[in-house]
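*Asks:* task: produce atomic coordinates for the following.
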Amino acid sequence: MSQEPWTDEDESALATKRPSGGWRYGPKDRVVLSGKGLVVGIVVADAVFFLFWAIPSWSLNPNHASYTLAMTATAMVIGLIPIGVVGTAVGWPLGVALRSVRNQWLHVAAFFAAGAIICVPFGGFWSPSAWAFPLSIAVAAGVGRLAVWKLVRINHAGEPK
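*Replies:* All right, here's what the predicted structure looks like:
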């Protein structure tokens, strides 16, 4: 067998295209999310993160609700850049690592945990008063993954019929 990446596994066989409706991922990949799903998850996580902080402000000071709403909307738009970078850097490898896991609730839990864990190097859990920020990131990541539940492709091969 050749070590060349462009050769077919069986060197004597002709290379053929896969059928367009076939599973184009690995045989052990059970749950796969496309780039569209990644973008949708990041946008939802962005909205959830900023609303996590805006809603208590609205309830504490309802007289300034329009100002708070305008500032939250502005922060959501500007926040898409860093949240998109971090979300892609954490979400993509985590999604690839979870492809073999069929249970999507475990995916949501893993994204929640990853959202909290990325705050540890920055002192996110050093004191109980500082837990709100990492938990807001964790909730946003978990809800972002939950929002793309229906956008995933599922490999049903090997399931009992």
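
*Asks:* residue 68 - nearest residue in space that isn't next to it in sequence?
*Replies:* residue 57 (5.1 Å; Cβ to Cβ, 6 or more residues apart in numbering). For glycine as for every other residue, the C-beta is placed from the backbone atoms N, C-alpha and C.

*Asks:* and the host helix or strand of the one you found, what does it pack against?
*Replies:* With secondary structure defined by DSSP states H and E, residue 57 is part of helix 35-60. When contacts are defined as 3 or more Cβ pairs under 8 Å, 6 or more residues apart in numbering; DSSP states H and E, helix 35-60 sits against helix 65-97, helix 132-147.

*Asks:* now do the longest one, average pLDDT.
*Replies:* What that stands for is helix 65-97. If you average the pLDDT over helix 65-97, you get 89.

*Asks:* packing partners for it?
*Replies:* By 3+ Cβ pairs under 8 Å, 6+ apart, helix 65-97 packs against helix 35-60, helix 104-117, helix 132-147.

*Asks:* cutoff 10 Å now
*Replies:* Packing partners of helix 65-97 (3 or more Cβ pairs under 10 Å, 6 or more residues apart in numbering; DSSP states H and E): strand 31-32, helix 35-60, helix 104-117, helix 132-147.

*Asks:* just name the most buried of those.
*Replies:* Most buried of those, by mean neighbour count (mean count of other Cβ atoms under 10 Å): helix 132-147, with a mean of 21.

*Asks:* now the helix holding residue 57: mean pLDDT?
*Replies:* Across helix 35-60, pLDDT averages out at 88.

*Asks:* go on, stretch 113-132?
*Replies:* Averaged over stretch 113-132, pLDDT sits at 81.

*Asks:* mind saving the C-alpha coords of that stretch as CSV?
*Replies:* The C-alpha trace of stretch 113-132 is given here as CSV (Å, rounded to 0.1, in the frame of the first residue of the first chain):
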residue,chain,number,x,y,z
ALA,A,113,-17.8,22.7,30.3
ALA,A,114,-15.5,24.0,27.6
GLY,A,115,-17.0,27.5,28.0
ALA,A,116,-16.2,27.4,31.7
ILE,A,117,-12.8,25.8,31.4
ILE,A,118,-11.5,28.4,29.0
CYS,A,119,-11.8,31.0,31.8
VAL,A,120,-9.6,29.0,34.3
PRO,A,121,-6.2,30.5,33.0
PHE,A,122,-7.6,34.0,33.5
GLY,A,123,-8.7,33.4,37.1
GLY,A,124,-12.3,32.7,36.3
PHE,A,125,-13.0,30.5,39.4
TRP,A,126,-10.5,31.8,41.9
SER,A,127,-13.2,33.4,44.0
PRO,A,128,-16.9,32.7,44.3
SER,A,129,-17.7,36.3,43.3
ALA,A,130,-15.9,35.8,40.0
TRP,A,131,-17.9,32.8,39.0
ALA,A,132,-20.6,34.9,37.1
